[in-house]
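> What follows is a predicted protein model with its sequence.
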Amino acid sequence: MNRKISHLLAGATLGAVASAGSALAGGEAGELVLRDFGSKFVGYSTEEGDGGSLNVLNAMFVQYLLPADRRHEFPVVMIHGGGGQGTDWLETPDGRDGWVDYFVADGWDVYVVDRPGHGRSQSNAGCGDGTVGVANTAFIARLATSEPSVWPGGAPTPSNDSVVGWAASSATAPYCGNEVAAATISALLDEIGPAILVAHSAGGGSTFRVPDLNSENVVGIIAFEAAGSNPVAPGFGGRPPIADWEVEPPLPQDFEPVDSDGCPMQGDSPSKLVNFADVPVVLVGSELGLNSARETLACQVAVWRQAGVEATSVYFPDRGLAGGGHFAMAQLDNAEYAQVFIELATEMETASAK
């Protein structure tokens, strides 16, 4: 993003950026003309500090890019995964345009968040176990999974330059948890109104909680290989995500999924996700990504539908996109993947009654 900001400021004063007509030097997505560009912190809380002061906790950093020619009613909120931050959407590790550029070029207002404990958002020693980590490439290389032909610089090994560039944005501070992240995303929606949420990887753990907090402002969720995509399957810590969401009737304390031809589901009398009644979910998977085979996506869709949710799926090879992996937004063909997400968001917007 630094390259883009330097181009932006080279072409206009900061005051002009905030007004209509400033041009962001065009890259692969084309020239971006913005009516506003900036950032803010949302969703923080306070507690009493020493000497009458206040400690400010768990603010979420939000970057926003708003096109001068807005062509869509609803904004898009992009929620990153566990091995990175909001910059995952802003630019590829080798310096090409990120998915934000393609959405803005298509006329979408875009808000990019750094979940608390990641990137430019606060964290504190009270979050998680208080451990400060180290950005390491092994985890990123293991998740990348893309074919060498579509990953910048060849195979996504731990020493690949683009893997190193992605790891440079990895979180090292204690993570503040899905509950805090969901609350801060909900606070953002209170400010911007109904929006489409695009979640990646571990970001699903917080994103799927937002309808319980703010369903009227969630137009829909597009989940790219996201945590919680099968809400009844055991998640982190062995607990099914649905056990922490609002359902009717309430699930028993000892809830266990039932195997249905290899698909973990609820039993014969399923509970319904009451706050998803008007929140469609689209589950998206790549050919080489995490738990994203066509059969896995079909299972996940069946689980959501059983819980009363309008759910569909998209398997990228069915759209002619082969060899892609979990970090498709970083690949050499990232523009083609971005176009699929734009089409899905447009369909979701058209169908929405909000």
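Everything's here; your move.

> Which helix runs longest in the protein?
The helix spanning the most residues in the chain, taking DSSP state H as the definition, is helix 334-351.

> ranges for the strands of the stretch 251-354 of the chain?
258-260, 263-265, 272-273, 281-285, 311-315 (DSSP state E, counting those that start in this stretch).

> right, so of the ones you listed, which gets closest to residue 61?
Judged by Cβ to Cβ, the one of the strands of the stretch 251-354 of the chain that comes nearest to residue 61 is strand 281-285, at 25.2 Å. The C-beta positions use only the backbone N, C-alpha and C, and glycine is treated the same way.

> Mind giving me the packing neighbours of that closest one?
strand 218-224, helix 294-306, strand 311-315, helix 334-351 (3 or more Cβ pairs under 8 Å, 6 or more residues apart in numbering; DSSP states H and E).

> Reformat those as TSV; add mean neighbour count.
What follows is these, written out as TSV (neighbours: other Cβ atoms under 10 Å):
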stretch	mean neighbour count
strand 218-224	26
helix 294-306	19
strand 311-315	20
helix 334-351	18
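
> Who are the packing partners of the longest helix of the chain?
Helix 334-351 packs on helix 99-105, strand 195-200, strand 218-224, strand 281-285, going by 3+ Cβ pairs under 8 Å, 6+ apart.

> Between the ones you listed, which one is closest to residue 346.
Comparing these by their distance to residue 346 (Cβ to Cβ), the top pick is strand 195-200, with 9.6 Å.

> how many degrees apart are the closest one and strand 218-224 in direction?
On the basis of axes from the mean of the first three to the mean of the last three Cα atoms, to 10 degrees, strand 195-200 is oriented at 20 degrees to strand 218-224.

> buried set for stretch 129-146?
Within stretch 129-146, the residues that count as buried by 16 or more other Cβ atoms under 10 Å are 135, 137, 139-141, 143-146.

> still on that earlier bit, dump the helices and strands packed on helix 334-351 to a markdown table, plus mean pLDDT and distance to residue 171.
Supplementary listing: these in a markdown table, determined by pLDDT from 0 to 100; distance: least, Cβ to Cβ, whole Å:
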| stretch | mean pLDDT | distance to residue 171 |
| --- | --- | --- |
| helix 99-105 | 98 | 20 |
| strand 195-200 | 98 | 14 |
| strand 218-224 | 98 | 19 |
| strand 281-285 | 98 | 23 |
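
> Minimum distance to residue 54: which of these has it?
Closest approach to residue 54 among the helices and strands packed on helix 334-351 (Cβ to Cβ): strand 195-200, 29.6 Å.

> Let me see the mean pLDDT of stretch 154-164.
Mean pLDDT, computed over stretch 154-164, is 96.

> With stretch 37-53 instead?
94.

> May I see the buried residues of that stretch?
Buried residues in stretch 37-53, defined by neighbour count with 16+ other Cβ under 10 Å: 37, 41-43.

> Out of those, the closest to residue 196 would be?
residue 42 (17.8 Å).

> Hmm, that closest one is touching residue 192, no?
No. Checked against Cβ atoms under 8 Å, the pair residue 42 and residue 192 is beyond contact range at 9.5 Å.

> where exactly do the helices run in the stretch 101-250 of the chain?
Remark: helices assigned in the stretch 101-250 of the chain by DSSP state H, counting those that start in this stretch are 137-144, 161-167, 178-192, 204-207, 210-214.

> The ones you listed: which one's closest to residue 86?
helix 178-192 (12.0 Å).

> next one: the closest one to chain centre, how far?
13 Å (Cα atoms, centre = their mean, to the nearest Å).

> Check stretch 59-77 too.
Remark: stretch 59-77 is offset 14 Å from the chain centroid, using Cα atoms, centre = their mean.

> quick one: buried residues of that stretch?
By 16+ other Cβ under 10 Å, the buried positions in stretch 59-77 come out as 59-68, 72, 74-77.

> Select from the residues you listed every entry located in helices.
Using DSSP H, none of the buried residues of stretch 59-77 sit in helices.

> Next, give me the two most distant ones among these.
Across the buried residues of stretch 59-77 (Cβ to Cβ), the longest gap, 28.8 Å, separates 59 and 68.

> Give me the helices and strands touching the longest strand seen in the chain, please.
When the chain is parsed with DSSP state E, its longest strand is strand 30-42. Applying 3+ Cβ pairs under 8 Å, 6+ apart, one finds that strand 30-42 contacts helix 14-18, strand 22-27, strand 60-67, helix 99-105, helix 178-192.

> In CSV: the buried residues of stretch 37-53, plus distance to residue 212.
Output for those, formatted as CSV (distance: Cβ to Cβ, whole Å):
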residue, distance to residue 212
37, 32
41, 23
42, 18
43, 16
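
> Please identify which of those residues is nearest to residue 121.
Of those, the one sitting nearest to residue 121 (Cβ to Cβ) turns out to be residue 41, at 7.7 Å.
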